[in-house]
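Colleague: From the sequence below, what's the structure:
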Amino acid sequence: MTTKLGVGSDQAPEQRGLADRALKLKSAFSAELENGPPPERAARLHYELGRLYEGPLRDEEQARDHYLKSLAVNPDHVPTLHGTRRILIARRYFQDAVPLYDAEIKATGDARRKSMLLYEKGRLLEDQMGQSRDARGAYAAALELDQQNKSALKALERLQHQGSEHAHLVKTLERAANAVSNDPQHRAALIGIRARLAEVAERDEPGAIEHWQTAINTDSHTPGALVSLKRLLYAHGRWQQLIDVLQREAASTQDKESRALALARIARIQYDRLGNLDGATVALERAAQETGDDPLVLESLARLYETGKKYALLTGVLERLVDKTTIANQRVGLLHRIGQLCEERLEDEDAAAAWYRRALDSEGGYLPALQALGALYTREQRWLPLIQMHLGEVESVSDDSRRAAALARIAAVYETKLGDVTQARAHHERAALLVPGYGPSFKALVRLLSASQDFRALVELYDQAIERAETNEVKITYLFKVGRIYEDALNAPGAALSAYRRVLEIDPGHLGAIHAWQRAAERAGMYKELVQALELEAEKTTERRDVVALLHRAAEVFDENIHDRDAALLRYRKVLAIDGGYSTMQPVAGRTCSQRTRLNSRWIPRASTRRRCCTRWASCARSASAIPHARSNTIGVQWTLTRFTRHRFGRWRAITASAASGTSWCGCLSSN
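Modeller: Prediction:
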């Protein structure tokens, strides 16, 4: 704990020594006061005791008492005034401390010192006592004594601003600015404050513009002056004044980037606001020189050159941009753009081709450059460079569709321009391997293979297309093409049968496939296949007349080509069962039945054999007579049976009588 006299057991040795000396001095001064010294000496002793109590002894109440006793004797002693004011403020006796400022001001002869005392008094009144009005008066009095007292000026400005005393504040600033006319920086700063006051408090932006211009004319480095002036000029559309300010800014700064930025803003205002293309171009050219070809500046300059149709200069700027650009896709785009300008605007196709090739060297699959260079090569009929260009595209891109398209274009050049069908076919085949079923290459291969009569390869191509086909209609179309190739081109109708059968597997009722099957089977001599196809068509046919004809044709094939008489007779009977009046059928059926009795090309004359034969013919006759229209259409049957009886039995008289009387042929044959 600290004692009343500030001496504690926990103090450091140095502090204890200082306190001991202070106690000794205090005892000596107190003893001298008890002896009744003269007033001036007594005032000095009280002052010294006040310092001891304020300092090492740390007893502010005792210090206050001694300071006040000293002032009572010597009220003009400045150190005593200082000490007393300190102790009163520390003890928060603010009201008692205010007169001491006035006393010190009265005792001080230096005007600047008086101004600072008035400022300190105003701070006490404002901050500790809340007396803003009295504080404002103190600040104003301080400025009267020293117009360069920046602290008092700022404090007065703050209070006048808080109290919205703009008229007084303006006068204060004007007075202060006039007072520092020999200091341009200080004067410009005060004018800047006046400009902000005009803009914010008085809402007088034109007046603020004038004040800011005055501040810049006074000192071009006035903080915030250029920024505020540019903002206000832009807001009021004073473009020419803004350009002047920016030019002044560019001329006054040593930083190249700041200078280039100011020039770039001048260019934008010249073009966008004033429509002065030439002025904007000049400003941007200067900005590009300052920045060492900054990409943003060069891009703006390129737009101006393009607007002004200065294509040669535009090409030069784009070339400089190419050197500055490190991003691959932007670089290749610039190279292609330069090529376009050379081709379309400068009419220099050689230079254009060179720039396009540079673009493709950077990115071999860049489509715009490929298209442009391809068009150039095509116009100049430079087919081999065109082929090399597309080969580079094939190697550069990863998309199989694009690679296939490039190969197809190469093949087209070989076929139509160079007449090399072999190379054309090879490149189309590569395209088809990359993208199976690629349309242009597929059609071209069909044409090329047909022209070269490589029908086996063509069949293989169609087989691949069949496997890839997504719809049955497409599959059937290609299967028919395969079948026709086997039939016509390869003369292998037997191989075509499999194609037609595959069609029927997809669509069992496809009549065209059934007819093609019949045609191919007959051409190949595969008669059983032919019969199968005929009977299938008969099953699918609803017209009785067509069914009869188909079954009759099947019976003929069995009879004449397969030599299966039983099968033929069976089908003849089916015909008669369907249509007994089918006249074409009856003589054939009789002939077939007659031929069945041959054995080793010789007739067997035994009576048992004749009876069997008669029985078979009787069966035929019964089958014929059993059909509803047999009585009205018996000519064919009669002709067949007459022929059979004439050659085999010689019973002419019985046959004639039977024919005349209409006796049943079955009965006649049975009786014979």
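
Colleague: only C-alpha atoms for contact and neighbour calcs from this point on.
Modeller: Fine.

Colleague: Tell me how many other residues crowd the closest residue to Pro493 other than its chain neighbours.
Modeller: For Pro493, ignoring the flanking residues on the chain, the nearest one in space by Cα to Cα, 6 or more residues apart in numbering is Glu487 at 4.4 Å. Neighbour count of Glu487, defined by other Cα atoms under 10 Å: 21.

Colleague: can you check Asp255 too?
Modeller: For Asp255, using other Cα under 10 Å, the count is 10.

Colleague: repeat for the one 4 residues further on
Modeller: Residues near Arg259, counting by other Cα under 10 Å, number 22.

Colleague: Give me the three-state assignment for it.
Modeller: Secondary structure assignment for Arg259 (DSSP: H, G, I helix; E, B strand; the rest coil): helix.

Colleague: Check the gap between it and Arg571 for me.
Modeller: Arg259 is 109 Å from Arg571, where distance means Cα to Cα, to the nearest Å.

Colleague: Then Thr172?
Modeller: Here Thr172 is placed at a distance of 133 Å from Arg571 (Cα to Cα).

Colleague: repeat for Ala141
Modeller: 142 Å.

Colleague: How far does stretch 222-235 sit from its chain's centre?
Modeller: Centre-to-centre, stretch 222-235 and its host chain are 40 Å apart (Cα atoms, centre = their mean, to the nearest Å).

Colleague: what's in contact with that stretch?
Modeller: Residues outside stretch 222-235 that contact it (Cα atoms under 8 Å, 6 or more residues apart in numbering): 185, 188-189, 192, 205, 209, 212-213, 215-216, 239, 241-242, 245-246, 249.

Colleague: now for those, which pair is the farthest apart?
Modeller: Across those, the longest distance by Cα to Cα is 27.4 Å; it joins Gln185 and Trp239.

Colleague: so Pro39 touches Leu71, yeah?
Modeller: No - using Cα atoms under 8 Å as the test, Pro39 is too far from Leu71 to be in contact (11.0 Å).

Colleague: So for those two, which sits in the more crowded spot?
Modeller: Taking other Cα under 10 Å, Pro39 and Leu71 do not tie; Leu71 has more neighbours (20 against 13).

Colleague: Which residue, other than its chain neighbours, is closest to that one?
Modeller: Leu71 sits nearest to Thr80 (Cα to Cα, 6+ apart), 6.6 Å away.

Colleague: quick one: the one you found is in a strand?
Modeller: No - looking at Thr80 with three-state DSSP, it is helix, so not inside a strand.

Colleague: mind checking how far the residue most central in space within the chain is from Tyr139?
Modeller: Centroid-nearest residue in the chain, with Cα atoms, centre = their mean: Asn329, separated by 13.7 Å. Using Cα to Cα, Asn329 is found at 67 Å from Tyr139.

Colleague: so who does the residue lying closest to Leu570 once chain neighbours are set aside touch?
Modeller: Nearest residue to Leu570, sequence neighbours excluded (Cα to Cα, 6+ apart): Ala555, at 7.8 Å. Listed by Cα under 8 Å, 6+ apart, the contact partners of Ala555 are 567-572.

Colleague: picking that back up, could you check the distance from the residue nearest to Pro493 over to Phe480?
Modeller: 10 Å.

Colleague: what bits of the stretch 451-600 of the chain have low per-residue confidence?
Modeller: 583-600 (pLDDT under 70).

Colleague: switch the cut-off to 80
Modeller: 580-600 (pLDDT under 80).

Colleague: my guess is Leu190 contacts Thr172, does it?
Modeller: No - between Leu190 and Thr172 there is no contact under Cα under 8 Å: 9.8 Å.

Colleague: quick one, which of the two is more surrounded?
Modeller: The neighbour comparison of Leu190 against Thr172 (other Cα under 10 Å) goes to Leu190, with 24 against 20.

Colleague: ok, and for the biggest helix by length in the chain, which residues are buried?
Modeller: Assignment by DSSP state H gives helix 13-34 as the longest helix of the chain. Using 16 or more other Cα atoms under 10 Å as the test for burial, helix 13-34 gives 16, 19, 22-23, 26, 29, 33.

Colleague: ok, so of those residues, who is nearest Leu386?
Modeller: The closest of the buried residues of helix 13-34, once distances to Leu386 are taken by Cα to Cα, is Arg16, at 103.6 Å.

Colleague: Just the C-alpha atoms of the helix or strand where Leu550 lies, please, in CSV.
Modeller: Take DSSP states H and E as the rule and Leu550 turns out to sit in helix 544-557. Provided in CSV are the C-alpha atoms of helix 544-557 (Å, rounded to 0.1, in the frame of the first residue of the first chain):
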residue,chain,number,x,y,z
ARG,A,544,-57.9,-68.2,-103.8
ARG,A,545,-56.8,-67.8,-107.4
ASP,A,546,-53.3,-66.8,-106.3
VAL,A,547,-53.1,-69.7,-103.9
VAL,A,548,-54.1,-72.2,-106.6
ALA,A,549,-51.5,-70.8,-109.0
LEU,A,550,-48.8,-71.0,-106.4
LEU,A,551,-49.6,-74.5,-105.4
HIS,A,552,-49.7,-75.5,-109.0
ARG,A,553,-46.3,-74.0,-109.6
ALA,A,554,-45.0,-75.9,-106.5
ALA,A,555,-46.4,-79.1,-107.9
GLU,A,556,-44.7,-78.5,-111.3
VAL,A,557,-41.4,-77.9,-109.6
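
Colleague: And that helix, how far out from the chain middle?
Modeller: Per Cα atoms, centre = their mean, the centroid offset for helix 544-557 relative to its chain is 69 Å.

Colleague: Okay, buried residues for that helix please.
Modeller: 547-557.

Colleague: how about the residues you listed in JSON lines, adding distance to Leu153?
Modeller: JSON lines is the format used below for the buried residues of helix 544-557 (distance: Cα to Cα, whole Å):
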{"residue": "Val547", "distance to Leu153": "125"}
{"residue": "Val548", "distance to Leu153": "128"}
{"residue": "Ala549", "distance to Leu153": "128"}
{"residue": "Leu550", "distance to Leu153": "126"}
{"residue": "Leu551", "distance to Leu153": "128"}
{"residue": "His552", "distance to Leu153": "131"}
{"residue": "Arg553", "distance to Leu153": "129"}
{"residue": "Ala554", "distance to Leu153": "128"}
{"residue": "Ala555", "distance to Leu153": "132"}
{"residue": "Glu556", "distance to Leu153": "133"}
{"residue": "Val557", "distance to Leu153": "131"}
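
Colleague: mind checking the SS state of Gly130?
Modeller: coil.

Colleague: Quick check: phi and psi on it?
Modeller: phi 70, psi 20 (degrees, to the nearest 10).

Colleague: Can you name the residues that contact Ala574?
Modeller: Careful, residue 574 is Lys and not Ala. Lys574 touches Leu551, counting by Cα under 8 Å, 6+ apart.

Colleague: Recalculate using a threshold of 10 Å.
Modeller: 548, 551-552, 555, 568, 580 (Cα atoms under 10 Å, 6 or more residues apart in numbering).

Colleague: Among those, which one lies nearest to Thr315?
Modeller: Leu551 (85.3 Å).

Colleague: does Ala521 really touch Ala513, like I thought?
Modeller: No - taking contacts as Cα atoms under 10 Å, Ala521 lies outside contact range of Ala513: 11.9 Å.
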